[in-house]
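Q: quick one, fold the following:
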Amino acid sequence: MPQADDEVKRTIRFDYFETKEIPFDKNGQTKNFNLIQWISTLPTGDLDDRNIRIGDVVRCDNTSCETSNGNNFAYLHFTKLRETNAPAIAKLSDAQLNDLELDDDEFVAEDLSILFDELRYVAMIQKNRYSLSLKAIEDYINYFWSKAGNKDTYIKFLPILYKSQYKKVSKAKQVSKIFYRTADLINNEGKGINPFTGKIGSLVGSMEQFEGYNISVQISIGKHTGKTLDVNSVQDLVTEIKDNDQNIAKANIKYIDEDGLPEFTELIKGKISSFLVFSLPKKASLHPDSVKTSMLAEYFTNTPNKRDYVQANRL
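A: Prediction:
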């Protein structure tokens with residue numbers, strides 16, 4: 001059998017979000033939220049006090065508030081302790097698959113890191129499909145936020161998108177088609193959910209009887225060339241798609257722009273992201289310290305850095 005390299009390269013995606021404190025009262029005012037304020041709500045004694053169940057057991061097991069070259073930031077590390085879908089063990093010369101034997105207090109751990117820019121209210125979040133989803137992170141944060149007595153507001157991460165994307169669509173003169181497909185609308189218990197409000201929420205709610213887990217919607221003028229959808233209603237729908245980006249798998253729009261030219265724009269592809277490459281030994285996990293160092297370099301130190309890029313491009 002050919003020998004593999006001693007090291008492997010792993011590409012990790014990081015997405016950028018604004019942190020917001022949102023009132024349950026729709027007449028209330030949404031504010032920027034400093035994650036450092038949330039850190040103070042975490043239990044400081046036994047680590048087990050930070051373990052809560054969101055499907056599997058999850059926890060924020062490490063936080064720090066630091067200053068580097070005049071930049072104030074927080075670092076947060078989250079871990080999911082997997083109890084389901086555990087990997088099996090196999091040998092090159094044996095087809096037998098064996099269970100991974102763990103003690104009762106041992107788990108397969110899947111982690112992610114968050115870097116928070118205190119000045120700009122920007123969170124850089126590591127994406128790990130085996131670890132916590134964005135909704136699970138929000139659920140965890142809001143559990144301790146509410147437990148600390150904050151019953152009137154909740155914390156939400158809003159994706160930072162390229163401003164040119166939605167800005168250009170907002171100037172559409174005519175719209176011939178808009179399409180969107182939801183992500184799988186299912187919770188950790190396997191039950192269907194409706195996380196939307198507005199037009200999308202009403203549509204998803206009307207489909208609950210079918211017990212489906214994702215919904216695709218296309219609204220168009222069909223073959224009626226020269227006709228247009230109601231532009232104001234479409235813009236309202238585009239805003240809902242933007243605000244619910246984490247629950248929309250795909251969305252696009254076909255329209256005539258302000259210069260009278262035909263355009264086709266993908267709405268979900270506009271999320272600002274970084275893709276960082278890590279080298280690590282075979283069979284080794286990616287250490288959080290390496291992730292943190294690379295995140296700091298990408299966001300603050302590199303030339304050009306992502307901090308300035310996000311600030312220049314955010315809506």
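Q: ok, the one helix or strand T11 maps to: who's next to it in the sheet?
A: T11 belongs to strand 7-23 when assigned by DSSP states H and E. Paired neighbours of strand 7-23 in the sheet (DSSP bridges): strand 31-32 (antiparallel), strand 122-126 (antiparallel), strand 153-159 (antiparallel), strand 273-281 (antiparallel).
Q: from the chain's centroid, how far away is the longest one?
A: When distances are taken as CA atoms, centre = their mean, to the nearest Å, strand 273-281 is centred 18 Å away from the chain's centroid.
Q: I'd like to know which elements the helix or strand following it is packed against.
A: Beyond strand 273-281 on the C-terminal side, the first helix or strand identified by DSSP H and E is helix 288-296. Packing contacts for helix 288-296, counted by 3 or more CB pairs under 8 Å, 6 or more residues apart in numbering; DSSP states H and E, involve strand 71-82, strand 108-117, strand 122-126, strand 273-281. In this view, the C-beta of every residue, glycine as well, is placed from N, C-alpha and C.
Q: how near is I241 to S164?
A: The gap separating I241 from S164 is 16 Å, by CB to CB, to the nearest Å.
Q: so between those two, which is more surrounded?
A: A count of neighbours by other CB atoms under 10 Å puts I241 above the other of I241 and S164, at 22 against 12.
Q: what strand or helix carries the residue nearest to that one when sequence neighbours are not counted?
A: Leaving out its chain neighbours, the residue that sits closest to I241 by CB to CB, 6 or more residues apart in numbering is A251, at 4.9 Å. Using DSSP H and E, A251 maps to strand 248-256.
Q: that strand pairs with which strands, parallel or anti?
A: By DSSP bridges, strand 248-256 pairs with strand 174-182 (antiparallel), strand 262-266 (antiparallel).
Q: before we move on, the earlier item: what mean pLDDT does the strand holding T11 get?
A: For strand 7-23, the per-residue pLDDT values average out at 91.
Q: now it: buried residues?
A: 12, 14-22 (16 or more other CB atoms under 10 Å).
Q: please compute how far the strand holding A251 lies from its chain's middle.
A: 19 Å.
Q: now what about that strand, what contacts it?
A: 169, 172-183, 214, 220, 228, 234, 238, 241, 262-268 (CB atoms under 8 Å, 6 or more residues apart in numbering).
Q: go again using 7 Å as the cut-off
A: Residues from elsewhere that reach strand 248-256 (CB atoms under 7 Å, 6 or more residues apart in numbering): 169, 172-183, 214, 238, 241, 262-268.
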